[in-house]
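*Asks:* I'll drop the sequence and a predicted model, then ask my questions.
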Amino acid sequence: GKEPDASCLAPPVDTPARARPPPAHDPIHRRISSALLQTHRATAACAIGGCVACAYKICAFDVCLDRAFVSRVPNVRPEMCPRIRGRTGSTLGSKRIPRRPPLGLRPPCAMLTVGDGDFSYSVAVARCLDRFGGRVEGGGPASFLLATSYEPEKTVLAVYDAGTTTAGGTPLEELTKRGRGGKAFRPSSRVDVEVAFGVNATDLEKTVPRRFRSGGTAGQGCSCCGGRYHRIDWNFPCTAVASGKDGQLGARDEDVRLVADFVAGALDGGWLCLRSGELHLTHKTKPPYGAWDIAGTVEEASGGRLERRGATVLDRAVIPPYVPRKALDRKSFPSHDALVYSFGWRKGVNILRGEGGVEGFTAQAD
């Protein structure tokens, strides 16, 4: 449809000039087709209502080099969003969840989160699965979440826990309380949560505890094909580096290889449901991160087995208490330009899965 005028996404300004978004063909504009760019209804409504923070999340005026608009309406901190600012008490402690599952969550399901530094994203996922996950026959939770960190437990406690709190304590404490069917957290919980440390996203087969691997006995897996998880999420992937030094321009090639190894390992190891499995990768789009070409990297690393389903504007306000944090550092970083890229099995592809995982594929006519 017709692109809205950028001036409707911010409070009135004292100038008759109107700044317009860059054309859809602008190669700098997030490098993604507008037909595949999605946003939450709450984010769009907030932007149209005058929230500058949400307008920048959707349109990324600074990334698009719309200097006229940026000079007239500078970006603001995400905490200025009225949906965050209006909450009582700590923002991180809020349990506010939208009416529909955010970020494309489709519970009941089995999910794996990797590289979640302070586990705040996993807490957001657990809360959503708890609300929308349902229960199986006999009363048990229908959804399962394995939340993992690359770092050992001692490092996570030393680096992150002192700076993050939620209504259930620290994120790690809340996840622990939700474990074993959620009985210690809430008897009627709809999600079973487990936590694992020292998990390498590029080597899941060796670093994920055996009971949580494909064919393992812990948690619910996929019942239609034997795949372990319906969805695997990794936010802001980066190589292991010194505190707060992640995402540097000089590490681009290494970071891209990291993503490629993660994709290949997840597919070849039989970690995804062969019917509805999805990989979700979140990353910034402003330079130098736009040069990563997340979509191209994933599609190439999958050998044509995966295709891009779309990209969703990251809005922390709909997934509290998530706060993106630097590697080995409790400091957060700006993420208004971030997109959540989703990938699923390519249509018209028949996956042939053997005992060793995904052996190959054959293209079929749609």
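*Replies:* Now that the structure is in, tell me what you want to look at.
*Asks:* can you give me the helices for the stretch 51-200 of the chain?
*Replies:* Along the stretch 51-200 of the chain, the segments classed as helices by DSSP state H, counting those that start in this stretch run 52-59, 67-72, 82-85, 120-132, 153-159, 171-177.
*Asks:* for the shortest one, buried residues please.
*Replies:* By neighbour count with 16 or more other CB atoms under 10 Å, helix 82-85 contains the buried residues 83, 84. (Glycine included, C-beta is placed from N, CA and C.)
*Asks:* now for it, which elements pack on it?
*Replies:* helix 41-48 (3 or more CB pairs under 8 Å, 6 or more residues apart in numbering; DSSP states H and E).
*Asks:* for the helix it packs on, packing partners?
*Replies:* helix 52-59, helix 82-85.
*Asks:* of all the ones you listed, which one is nearest residue 305?
*Replies:* helix 52-59 (30.8 Å; CB to CB).
*Asks:* who touches that closest one?
*Replies:* Outside of helix 52-59, the residues within contact range by CB atoms under 8 Å, 6 or more residues apart in numbering are 6, 9-11, 21, 39, 43-44, 46-47, 61-62, 66, 73-78, 80-81, 313-315, 317, 336-337.
*Asks:* show me the shaky parts of the stretch 101-250 of the chain.
*Replies:* The stretch 101-250 of the chain contains residues with pLDDT under 70 at 134-140, 162-168, 180-188, 215-227, 240-250.
*Asks:* format the helices and strands packed on helix 41-48 as TSV; extra columns: distance to residue 294 and mean pLDDT.
*Replies:* Listed next are the helices and strands packed on helix 41-48 as TSV, based on distance: least, CB to CB, whole Å; pLDDT from 0 to 100:
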stretch	distance to residue 294	mean pLDDT
helix 52-59	18	93
helix 82-85	27	86
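*Asks:* make CSV out of those and add distance to residue 347.
*Replies:* Below are the helices and strands packed on helix 41-48 laid out as CSV (distance: least, CB to CB, whole Å):
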stretch, distance to residue 347
helix 52-59, 28
helix 82-85, 36
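*Asks:* closest to residue 329 out of those helices?
*Replies:* Across the helices and strands packed on helix 41-48, closest to residue 329 is helix 82-85 (CB to CB), at 22.1 Å.
*Asks:* so what touches that closest one?
*Replies:* 42, 46, 49, 51, 78, 79, 91, 316, 317.
*Asks:* as a check, name the ranges of all strands in the stretch 101-250 of the chain.
*Replies:* 110-114, 143-149, 191-197, 231-235 (DSSP state E, counting those that start in this stretch).
*Asks:* among those, which comes closest to residue 251?
*Replies:* It is, among the strands of the stretch 101-250 of the chain and with distance given as CB to CB, strand 231-235, at 16.4 Å.
*Asks:* could I get the strands of the stretch 101-250 of the chain as JSON lines with distance to residue 172 and mean neighbour count?
*Replies:* Shown next, in JSON lines, are those (distance: least, CB to CB, whole Å; neighbours: other CB atoms under 10 Å):
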{"stretch": "strand 110-114", "distance to residue 172": "13", "mean neighbour count": "26"}
{"stretch": "strand 143-149", "distance to residue 172": "9", "mean neighbour count": "26"}
{"stretch": "strand 191-197", "distance to residue 172": "7", "mean neighbour count": "23"}
{"stretch": "strand 231-235", "distance to residue 172": "17", "mean neighbour count": "23"}
